[in-house]
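Participant: coordinates only, no sequence provided:
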């Protein structure tokens, strides 16, 4: 029986780790029977902690929290990043283009915003269920949108179908932004996000068509400015978000032997063949352990979103300094990276013939892309195809 050791990345603590490990176990065992999944939770014992309860953090500079948008690209990730930073960005742009005073309604017709408000009220009555795949928060988002002061002006500027699609994107982005703010270790991939947005658009009266309409034409125009304003407002929030993730990295690089010793002890008790699957800093921990210690029972290392190659090339990897090669005892290495994940790096150019780099696109912007590996079906297919 193949044992698969799963190692989490930076900033993960309970109860998030149990949810993450459970999701990984379901994903990998669904594609192959007879696997033994063995989680290695190092965050509780070896992760960073703020000893003075955050006394070093600067004072709060506002309450708005959300992800940082990257620069606009040639796909829809930057548009979604803008909406995660400000879910009402498109609503504000539509309202700004409105000339409601110039429109005269036919006798007996309903104001354009009355239709959308009625549908929002019906959607709110369903609670969070219509967006359950994304996480909690839909009901609150719907209630807030229904009461938004710009909804009437936006309704006057758009067709009912376009307004329904715009509202659905904003609601979807609001829920995902809440997931990101909660530091949840699982973020849905773009396909799941788009399916939910389509479902919400249909509930708000739009015909069945893609949710990409309007993302490029509206959200990308505010991506840079929305991100800049968000960063200024959220200095303390960004600092808090960096811990314990940044602290875990610094603590490992300065005092990493204890966490490596824990992994060696775990591996020593497993019968071969063993595969290690590790995310982010977990991949660095596994890489260092396997370089420093011959562990013949380990036949495969899989890293996802790993900074190991970058640390090696920059001279920061504890176990190996460039240009030294991987030792002969090092196992096969599959390195999964997301093109939108700015914390994922390539190893094949540094270790020719020893590393296989494979791209897995979650269709999420950074930083969401860094946490979307374990909801991406392609990740599990690549892992299972290489398991011993």
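Facilitator: That came through, no problem. Since we're looking at a predicted model, the values are computed, not measured.
Participant: name the SS class of residue 300, please.
Facilitator: Secondary structure, DSSP: H, G, I helix; E, B strand; the rest coil: residue 300 is strand.
Participant: contacting residues for it?
Facilitator: For residue 300, the contacting residues are 273, 275-276, 331-334, 386-388, by Cβ atoms under 8 Å, 6 or more residues apart in numbering. To be clear about C-beta, it is placed using only N, CA and C from the backbone, and glycine gets the same treatment.
Participant: next structured bit after the biggest helix by length in the chain?
Facilitator: Ranked by residue count and defined by DSSP state H, the top helix of the chain is helix 160-181. Using DSSP states H and E, the helix or strand that follows helix 160-181 in sequence is helix 190-203.
Participant: now the contacts of residue 300 as TSV including pLDDT and neighbour count?
Facilitator: Converted to TSV, the contacts of residue 300 look like this (pLDDT from 0 to 100; neighbours: other Cβ atoms under 10 Å):
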residue	pLDDT	neighbour count
273	98	17
275	98	23
276	98	29
331	98	20
332	98	15
333	98	26
334	98	22
386	98	16
387	98	18
388	96	14
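Participant: in strands, which of these fall?
Facilitator: Applying DSSP state E to the contacts of residue 300, the entries found in strands are 275-276, 332-334.
Participant: that older thread, helices or strands next to the longest helix of the chain in the packing?
Facilitator: helix 77-85, helix 89-96, helix 112-124, helix 138-146, helix 151-157, helix 190-203 (3 or more Cβ pairs under 8 Å, 6 or more residues apart in numbering; DSSP states H and E).
Participant: can I get those helices in TSV with mean neighbour count, distance to residue 180 and mean pLDDT?
Facilitator: Shown next, in TSV, are the helices and strands packed on helix 160-181 (neighbours: other Cβ atoms under 10 Å; distance: least, Cβ to Cβ, whole Å; pLDDT from 0 to 100):
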stretch	mean neighbour count	distance to residue 180	mean pLDDT
helix 77-85	28	7	85
helix 89-96	21	16	86
helix 112-124	18	22	92
helix 138-146	20	14	96
helix 151-157	22	24	90
helix 190-203	20	12	94
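Participant: to residue 164, which of those lies closest?
Facilitator: Nearest to residue 164 among the helices and strands packed on helix 160-181 is helix 190-203; the distance by Cβ to Cβ comes to 5.1 Å.
Participant: counting by contacts, list what the closest one packs against.
Facilitator: helix 77-85, helix 112-124, helix 160-181.
Participant: list the buried ones in the last one?
Facilitator: By neighbour count with 16 or more other Cβ atoms under 10 Å, helix 160-181 contains the buried residues 162-181.
Participant: chain center to it: distance?
Facilitator: 17 Å (Cα atoms, centre = their mean, to the nearest Å).
Participant: and what of the shortest one?
Facilitator: Using Cα atoms, centre = their mean, the distance from the centre of helix 77-85 to the centre of the chain it belongs to is 13 Å.
Participant: distance of residue 280 relative to residue 141?
Facilitator: Computed with Cβ to Cβ, to the nearest Å, the distance linking residue 280 and residue 141 is 29 Å.
Participant: ok, now residue 360?
Facilitator: Using Cβ to Cβ, residue 360 is found at 29 Å from residue 141.
Participant: ok, back up a step: residue 46: which of the contacts of residue 300 is nearest?
Facilitator: Distances from residue 46 to these, taken by Cβ to Cβ, are shortest for residue 276, at 16.7 Å.
Participant: quick one: contacts for that closest one?
Facilitator: Contacts of residue 276 by Cβ under 8 Å, 6+ apart are 4-5, 7, 286, 290, 298, 300-302.
Participant: how close does it get to residue 268?
Facilitator: Going from residue 276 to residue 268 by Cβ to Cβ gives 13 Å.
Participant: ok, back up a step: just put the helices and strands packed on helix 190-203 in JSON lines and tack on distance to residue 307.
Facilitator: Formatted as JSON lines, those follow (distance: least, Cβ to Cβ, whole Å):
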{"stretch": "helix 77-85", "distance to residue 307": "21"}
{"stretch": "helix 112-124", "distance to residue 307": "41"}
{"stretch": "helix 160-181", "distance to residue 307": "20"}
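Participant: surely residue 131 meets residue 173?
Facilitator: No - counting by Cβ atoms under 8 Å, residue 131 stays clear of residue 173, with 11.0 Å between them.
Participant: would you mind measuring from residue 163 to residue 14?
Facilitator: From residue 163 across to residue 14, the span is 42 Å (Cβ to Cβ).
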